[in-house]
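Enquirer: structural data only, the sequence is not supplied:
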């Protein structure tokens, strides 16, 4: 366990100056900043919209870009980024000749990629809330301050996080095994397109394709209102089909990757 | 024995890269692992560190079986394999600091290592901006960081300038004599191994051709006198008549077996007296290829 924590610490230490790490922070910041600027400069168009719908429009603008398009590509990129740092420096041989168990080195790296994706999605939720409230303060005509979406947004982004784990684990393993950028990226991209198409044509079994999970997660998020819940409250259904499949893929690939790493020769 | 292997064999596909290797590296030795490029040196080192899985044979380090004692063994081994593994986007100090996190070494130890390999000045420069020699020195510092009992170095003087090579050599000698370390060092240069090793193993095409103490090798590896002169064939005849053993003749030079400084002087005088102009005359070590021939032709002891 100690080796695992030391490895995790080292993952943070060595990647804190890389694009992979900073992208996790800058991506949500820049995206939400741009959308906020759009709302700010066109505030008069939104003043007549009631608070709840306004939040849905604002958060929806971010979610549509992030969930449908960016999240799968971002997961592919992060999986590549945490592995390429070792490929580039030719450091696998040193990592696997440390007095630390191989599973610690492997699972710390895996967890670090998961943490980066989690961090990004958490920041997406926090920046959406923060920028929304800021817009409400700067332009009192926008009714952001009259409704609270904190809990809903955190749930949506948590669902998105879970839905991205399948892609992340597959891409992690591909990026670990292949030194070059194009193979995992190319495969990831083709699978992602297949996912988009399967969701686009409403294929019944789209949920078996991990690359379709973030899109499906957004489609399936609206839960059923229980009796007695006020109509102004949004109910989010986190654990849907697609999320379960994503978690299952994650678990299977993680364990398979562990055995591959145990047996793999280090060039 | 610090390293002991028995019947170690490794195949890349159908090609056998390491054939039934039995290494014996005693404690407190500098073991020179000598062989031409492609002989299987790096593969052997990767097998020793379990980076490659051997198909046959077994490996013991510190008299412990590798598989059952992986972490205990690796905590006492420092290694530098092929090109030093360095994160280019981090500075030299950060590279050491990162390894120190993993090995739980202190900041003070990082500074000591930097000054040991003379990188204190360049410590805060990005490692990607380092010269090859600096990278190599940083690689050695990384290998030494955990204060290991056994250092495994794969061609550590590659890319170093002559001063750097001498420093590394002195450093390794000090580590062995004063700090009771064992060093396993590979090289394709006989001269380099001769200058520091106490023990030597010679590998070619994956097979161990020779293993023993340095003095045993010296008996086999006789140096030559390399003479550049006019009319090498006649000069060779003259020397043969005067009971010198001529080993090699071509249009440009001839070589005879080296005996002593005085004898070399006498050869020079003899050639001059008989009207041969000597352009150059000096002692050379046999190159590896010839040494291999000698060893393979020597009956096994």
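Expert: Cool, the structure landed. Because the structure is predicted, anything quoted here is derived from the model rather than measured.

Enquirer: sec struct for the residue of chain A found nearest chain B, please.
Expert: Of chain A, the residue with the smallest distance to chain B, taken as CB to the nearest CB, is residue A:99 at 3.6 Å. Backbone N, C-alpha and C define where each C-beta goes, glycine included. When the structure is reduced to helix, strand and coil (DSSP: H, G, I helix; E, B strand; the rest coil), residue A:99 reads as coil.

Enquirer: and the nearest residue to it once chain neighbours are set aside, backbone torsions?
Expert: Across the structure, with CB to CB, 6 or more residues apart in numbering or on different chains as the measure, the residue nearest residue A:99 apart from its sequence neighbours is residue B:75 (3.6 Å). Backbone geometry at residue B:75, expressed as degrees, to the nearest 10, gives phi -70, psi -10.

Enquirer: and residue B:75, what does it touch?
Expert: The neighbourhood of residue B:75, defined by CB atoms under 8 Å, 6 or more residues apart in numbering or on different chains, consists of A:99, B:146, B:148.

Enquirer: neighbours around the last one, how many?
Expert: Going back to what we said before, that points to residue B:148. 20 (other CB atoms under 10 Å in any protein chain shown).

Enquirer: quick check, it in a helix?
Expert: No: note on residue B:148: no helix contains this position according to three-state DSSP, which reports coil.

Enquirer: hmm, it is touching residue B:182, no?
Expert: No: under the criterion of CB atoms under 8 Å, residue B:148 is not in contact with residue B:182, lying 9.3 Å apart.

Enquirer: ok, longest helix in the chain?
Expert: Since you didn't name a chain, this refers to chain A. Using DSSP state H to assign secondary structure, the helix with the most residues in chain A is helix A:102-138.

Enquirer: not what I meant, chain B
Expert: helix B:162-179.

Enquirer: any idea how far that helix is from the chain center?
Expert: Centroid separation for helix B:162-179 versus its chain: 13 Å, with CA atoms, centre = their mean, to the nearest Å.

Enquirer: tell me the helices and strands packed up against it.
Expert: Other elements packing on helix B:162-179 under the criterion 3 or more CB pairs under 8 Å, 6 or more residues apart in numbering or on different chains; DSSP states H and E are strand B:30-34, helix B:132-144, strand B:150-154, strand B:182-187, helix B:190-196.

Enquirer: could you say which of these is packed most deeply?
Expert: Per residue and on average, the most neighbours among the helices and strands packed on helix B:162-179 fall to strand B:30-34, with a mean of 26 (mean count of other CB atoms under 10 Å in any protein chain shown).

Enquirer: so where's the chain uncertain?
Expert: Answering for chain A, as no chain was given. Per-residue confidence of chain A (counting by pLDDT under 70) places the weak regions at A:225-227.

Enquirer: my question was about chain B, not that one.
Expert: If you take pLDDT under 70 as the line, chain B has these spans: B:287-289, B:296-301.

Enquirer: what parts of it come near chain A?
Expert: B:46, B:49-53, B:70-75, B:77, B:79, B:81-83, B:85-90, B:94, B:97-99, B:101-104, B:142, B:146 (CB under 8 Å from any CB of the partner chain).

Enquirer: so how do I select the buried members of these in ChimeraX?
Expert: Typed into ChimeraX, the next command selects the buried ones out of the residues of chain B next to chain A (criterion: 16 or more other CB atoms under 10 Å in any protein chain shown):
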select /B:46,49,50,51,52,70,73,74,77,79,81,83,85,86,87,89,90,94,97,98,99,101,102,103,142,146
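
Enquirer: so of the residues of chain B next to chain A, which ones are in strands?
Expert: B:77, B:79 (DSSP state E).

Enquirer: what about the helices in chain A?
Expert: Remark: helices of chain A, listed N- to C-terminal, are A:2-15, A:19-41, A:43-46, A:51-63, A:71-89, A:92-95, A:102-138, A:150-177, A:182-200, A:213-219, A:241-263; assignment by DSSP H.

Enquirer: now chain B against chain A: closest residue?
Expert: Among the residues of chain B, residue B:75 lies closest to chain A, at 3.6 Å counting by CB to the nearest CB.

Enquirer: tell me how far that residue lies from residue B:150.
Expert: Computed as CB to CB, to the nearest Å, the residue B:75 to residue B:150 distance reads 11 Å.

Enquirer: check residue A:233 too.
Expert: From residue A:233 over to residue B:150 (counting by CB to CB), the distance is 66 Å.

Enquirer: any part of stretch A:8-18 near chain B?
Expert: Yes: against chain B, stretch A:8-18 shows contacts by CB under 8 Å from any CB at A:9, A:10, A:13, A:14, A:17, A:18.

Enquirer: which residues touch the nearest residue to residue B:195 once chain neighbours are set aside?
Expert: For residue B:195, ignoring the flanking residues on the chain, the nearest one in space by CB to CB, 6+ apart is residue B:169 at 6.2 Å. The contact partners of residue B:169, taken as CB under 8 Å, 6+ apart, are B:157, B:192, B:195, B:196.

Enquirer: just the helices in chain B please.
Expert: Ranges of helices in chain B, per DSSP H, are B:41-48, B:70-74, B:92-103, B:107-116, B:132-144, B:162-179, B:190-196, B:214-220, B:232-241, B:261-273, B:288-297.

Enquirer: distance to residue B:1 for those helices - can I get that in CSV?
Expert: Written out in CSV, the entries for the helices of chain B read as follows (distance: least, CB to CB, whole Å):
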stretch, distance to residue B:1
helix B:41-48, 13
helix B:70-74, 13
helix B:92-103, 25
helix B:107-116, 28
helix B:132-144, 21
helix B:162-179, 16
helix B:190-196, 20
helix B:214-220, 17
helix B:232-241, 46
helix B:261-273, 39
helix B:288-297, 23
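
Enquirer: of those helices, which is nearest residue A:154?
Expert: Taking CB to CB as the measure, those were each checked against residue A:154, and helix B:92-103 came out nearest at 32.4 Å.

Enquirer: got the angle for that closest one vs helix A:2-15?
Expert: Counting by axes from the mean of the first three to the mean of the last three CA atoms, to 10 degrees, helix B:92-103 lies at 160 degrees to helix A:2-15.

Enquirer: helix B:92-103 packs against which elements?
Expert: In this structure, helix B:92-103 packs against helix A:2-15, helix B:107-116, helix B:132-144, with contacts taken as 3+ CB pairs under 8 Å, 6+ apart.

Enquirer: now the end-to-end length of stretch A:196-212.
Expert: From the first residue to the last, stretch A:196-212 extends over 6 Å; the measure is CA to CA, to the nearest Å.

Enquirer: quick check: buried residues in that stretch?
Expert: With burial defined by 16+ other CB under 10 Å, the residues of stretch A:196-212 counted as buried are A:196, A:198, A:199, A:206, A:207, A:209, A:210, A:211, A:212.

Enquirer: quick one: contacts for the fifth one?
Expert: With contacts defined as CB under 8 Å, 6+ apart, the neighbours of residue A:207 are A:213, A:216, A:241, A:242, A:245.
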